[in-house]
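Enquirer: Return atomic coordinates for the entry below.
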Amino acid sequence: MAERRTSTSCRLIFPLLLLVLGVKGMAEEKLGTCLGSEFHVSLDSGGGIRISDCKGDGGGERIMFETSDTPWLACAFSSWTIPEVGMGRFIPEDTSEVINTNHQTLQIHDLGKNSVQLIGELSTTAEGPPEANYSYTLSYDPKSPKILRFSLKIEPTDSIPAGSSGVTHAWVRWRAEREERYYGFGEQYSVWNLRGRKVQILTQEQGVGRGLEPLSTHMNAKVPASAGTWQTSYSSVPHFITSKLKSLYLTTPLLSTFDLTPSTHAELRVSQSPVFPGIPGDFGGGKSPEISGEDLALEITGGLVRGESFLDIVEAYTREVSGRMPRIAKWGVCNGAVIGLQGGTKAVRSIWNTLKSAGVPVSAFWLQDWSGFRKDSFGRRVMWNWELDENNYPGWDKLLKDLRNDGSRVMIYVNPYLTNLFPSNYTHRRLFHEAEELNFLIKNSSGDPYIQSCGSYEFTFGTVDLTNPKAMEWYKTEVLVKSVIASNASGWMADFGEYVPFDAVLWDSKPPEYWHNRFPEMWAVTNNQAVTSANKSDQIIYFMRAISQGSPKHSTMFWAGDQLVSWDKYDGLHSALMATMSGGLSGISMTHSDIGGYTMVKDQGYTRSCELLMRWTELSSITDTLFRTHLGSKPDASEAQVFSTNASLRHFALFARLHSGLCEYRQHLVREAVEKGYPVARHPILHFPHDHILQDTTTQIMLGDLVMFAPVLHPSHTYVDIYLPPLPENETWIRWPTFESIHSGFHSVRAPVGMAAIFLRNAMEKEFETSWKNLKQLGMEALKMVSDEAFDCETAAEECSEFYHILAEGSGMHDLEGSEN
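Expert: Okay, the predicted model is just below:
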């Protein structure tokens, strides 16, 4: 580790790596012990640590983690920052030279029936005094038989140079085979197997383009770092599962980076902001002004998960770590499409009639501009002041009543931010000013509300400080209960949560980097408590894009965020598929995406085509627990909508009925998600873990264990390749919509628009008879539609032009011109 010159590094590898420290002072004889009945820990004379399964009194052949003989732990003392370089984009920067430790000692401090504690020293040279002491504990709780927990604490000694900070970085290193695949880490949109990559656990805006060129260069020129990269994610979770069924997670919410690039090993780095002895710290409400020894230490906690299969590991991880998502209201799964609209009451009624005439089952209309909207350079923006705008939606109560009488509902929009700009004639409560008066907003170093921008520099807001219990209670009651729920909406998009700046001043005593990755969970808790207090947990659905490790147990639904209206796996259709598969390994078991994508960049040619919309519709009919459309970021007549043409209406109606027609089967999968943590839509490797062909596939997905689907991911393609793994005896694959039997193996199948490449295991016919019958009926309709020469995207729907005329009028719109703080 001597090669690191940019940080005084305490290298934290993985809990189990920690045991393996190569060190001076190590006993010559081997030592091994079982912790409980599941995990065996051994230390050899070379300083290596191995964690394996427990067989009798010794270790088994199944290795769950192993360190090398060389030092696997190091630490650093440095200065560094994480500035907000773009709107909601953060990039860590080292700002000073650092001291790295390169030598490690190790000894057993305590050995019990269910725990092992190791202690040692970290130093820059073998002969010099130690710069840090550490303790590393592995513990087993019989109540959690599949989990081996660990904690590591590194504290500086008096030997560190004068003026040095507390411990800022720690590294741990462990053995990793070149061919071993690493999956998970929350929602990863562009890469499935992360071996060979550096994965940063930092929740933030994913960006527009995410490496797609030349769009990414164009976006970065407009707003620095706004394009994002392949790894930027709304949902970065420090948890992985490997192809050899090794699984590790961190519960420490600090910035962490998993370096999976070396060919022989992997490495973890965990970082915290520098704290200097003798310098007062003021992170918010109740922080002692004196810096103690505890403030100078770096602590890391987490665990290993044992399982005999991917599903075993997911079940244990969701039970013990992330928690499991609560049961979603049946109407969201079974009643049809959630239609994203805006523009006011007249626009909703117009499109409602169009959809009914086309036979589209509508479970709800999602009206994001219920609180009003305004214009800026980004486009039409929702008014972030969470009160019903009756100028925009006159007759709101009657609209909701009429929809309910027709079997439909209304969903709306909210986030934890409050606009600080209001039109001069604005007559509603000004929630930002109320929160400011109550001292409930996140502050800057001057003690003023921390003002940030989103989408454009002129669109500004403050953030409710959810680390303050009184602020959370105020937001829960005054905003979510008395305004959002009181509007009689049946759910909402609970947007954002990933913008907490690293130089902010929070109410809580912990520094902002502790809360940045946890803030989405606090936002989920706020929504959950509001719904619970209103006694509507079985009725309301709220869906979130920013996700912390502990978000699932507080969230009814997730969605993949703001994809580009494109086909690629950088930021388009394919990336939504990838996010569903990777997120499912870390408790994100019920999710969906904006059908057709969201972000439109017209001056770069990124507009939504009818073909893209139809292919996304087909994808969502299988993968998405909630089947929801979005008009997009800049909707106009040039952007395809589900109601734009007769063909898109007919196609959407069919696949909306396919989604609702799978109600019986999907309800079974929702129960699995609630009871076991299994993802509703999942990577095939979860059911065929030993099929090496499927290990790296990113172009097909399963709905439960009975449906395999290969979406068309490229424009103008009418064939798609799929691999169907072997099934048990007496089982076979059935091709939808023809219901022909097809053998296992590789196939190139015909898949024109409307004839999605869906394959069913014939066991579904007996286990889920209603869903099977619905699929057969819809299959016949699909074949008829595909053979119809009039089925094309060119013929406009009759009422589409009226909708765009209403939208262009901007009824109830508040322009930013003339706005006041």
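
Enquirer: Sketch out the helices for the stretch 301-450 of the chain, chain order is fine.
Expert: Applying DSSP state H, counting those that start in this stretch to the stretch 301-450 of the chain gives helices spanning 310-317, 330-334, 345-357, 396-405, 431-437.

Enquirer: which one of those lies closest to Pro711?
Expert: Closest to Pro711 of those is helix 330-334 (Cβ to Cβ; 20.4 Å). C-beta here means a position set from N, CA and C on the backbone, and glycine is covered the same way.

Enquirer: How far away from the center of its chain is that closest one?
Expert: The chain centroid and the centroid of helix 330-334 are separated by 22 Å under Cα atoms, centre = their mean, to the nearest Å.

Enquirer: same thing with stretch 37-50?
Expert: For stretch 37-50, the separation from the chain centroid amounts to 34 Å (computed by Cα atoms, centre = their mean).

Enquirer: Would you mind confirming that Ala465 makes contact with Leu506?
Expert: Actually, residue 465 is Asp. It isn't Ala. Yes: the pair Asp465 / Leu506 is scored as a contact, 5.9 Å apart, by Cβ atoms under 8 Å.

Enquirer: okay, and the common contacts of the two?
Expert: Residues touching both Asp465 and Leu506 by Cβ atoms under 8 Å, 6 or more residues apart in numbering: Ile442, Lys443.

Enquirer: Look at those two and report which has more neighbours.
Expert: Neighbour comparison, Asp465 and Leu506: the larger count goes to Asp465, with 30 against 25 (by other Cβ atoms under 10 Å).

Enquirer: before we move on, the earlier item: for Trp567, which of the helices of the stretch 301-450 of the chain is the nearest?
Expert: It's helix 345-357; of those, that one is closest to Trp567 (Cβ to Cβ) at 26.1 Å.

Enquirer: So which elements touch that closest one?
Expert: Identification of packing neighbours for helix 345-357 by 3 or more Cβ pairs under 8 Å, 6 or more residues apart in numbering; DSSP states H and E yields strand 337-341, strand 362-367, helix 396-405, helix 800-809.

Enquirer: Try it again at 6 Å.
Expert: Packing contacts for helix 345-357, counted by 3 or more Cβ pairs under 6 Å, 6 or more residues apart in numbering; DSSP states H and E, involve helix 800-809.

Enquirer: With respect to Asp624, which of the helices of the stretch 301-450 of the chain lies nearest?
Expert: Evaluated over the helices of the stretch 301-450 of the chain, closeness to Asp624 peaks at helix 330-334, with 10.1 Å, by Cβ to Cβ.

Enquirer: Can you give me the buried ones in the closest one?
Expert: Neighbour-count burial for helix 330-334 flags Trp331, Gly332, Val333, Cys334 (criterion: 16 or more other Cβ atoms under 10 Å).

Enquirer: Switch these over to TSV; also include distance to Asn420 and pLDDT.
Expert: Shown next, in TSV, are those (distance: Cβ to Cβ, whole Å; pLDDT from 0 to 100):
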residue	distance to Asn420	pLDDT
Trp331	36	98
Gly332	34	97
Val333	38	97
Cys334	41	97
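
Enquirer: which among the residues you listed gets closest to Phe310?
Expert: Using Cβ to Cβ, these come closest to Phe310 at Val333, 24.1 Å.

Enquirer: List phi and psi for the closest residue to Ala297 other than its chain neighbours.
Expert: When the adjacent residues along the chain are set aside, Ala297 lies closest to Glu155, with 4.3 Å between them (Cβ to Cβ, 6 or more residues apart in numbering). Glu155 adopts backbone torsions of phi -120, psi 140, taken as degrees, to the nearest 10.

Enquirer: ok, what's across the strand from Glu155?
Expert: Judged by DSSP bridges, the bridge partners of Glu155 are Asn133.

Enquirer: got it, and Asn100?
Expert: Beta-bridge partners recorded for Asn100 (DSSP bridges): Ala76.

Enquirer: Show the pLDDT at it.
Expert: pLDDT for Asn100: 80.

Enquirer: same deal with Thr105?
Expert: pLDDT, read off for Thr105, is 84.

Enquirer: mind starting the numbering at 49 from now?
Expert: Got it, first residue is 49 now, which makes that one Thr153.

Enquirer: I figured it hits Ile167, correct?
Expert: No: counting by Cβ atoms under 6 Å, Thr153 does not reach Ile167; the two are 8.8 Å apart.

Enquirer: Can you pick out the residue with more neighbours from the two?
Expert: Neighbour tally, Thr153 and Ile167, criterion other Cβ under 10 Å: the higher count belongs to Thr153, 20 against 16.

Enquirer: what's the spacing between that one and Asp206?
Expert: 17 Å (Cβ to Cβ, to the nearest Å).

Enquirer: quick one: buried residues of stretch 295-315?
Expert: 295-308, 313-315.

Enquirer: Now tell me what touches it from outside.
Expert: 61-62, 219, 221-224, 226, 230, 242-250, 286-287, 289, 316-320, 348-353, 361, 369, 561-562, 565-566 (Cβ atoms under 6 Å, 6 or more residues apart in numbering).

Enquirer: Same question for stretch 368-384.
Expert: Residues outside stretch 368-384 that contact it (Cβ under 6 Å, 6+ apart) are 192, 195, 297, 366, 409-411, 587, 589, 597, 600-601, 604, 635, 637-638, 674, 704, 708, 711, 714, 721-722, 725.

Enquirer: Buried only: go through those for me.
Expert: 192, 195, 297, 366, 409-411, 589, 597, 600-601, 604, 635, 637-638, 674, 704, 708, 711, 714, 721-722, 725.
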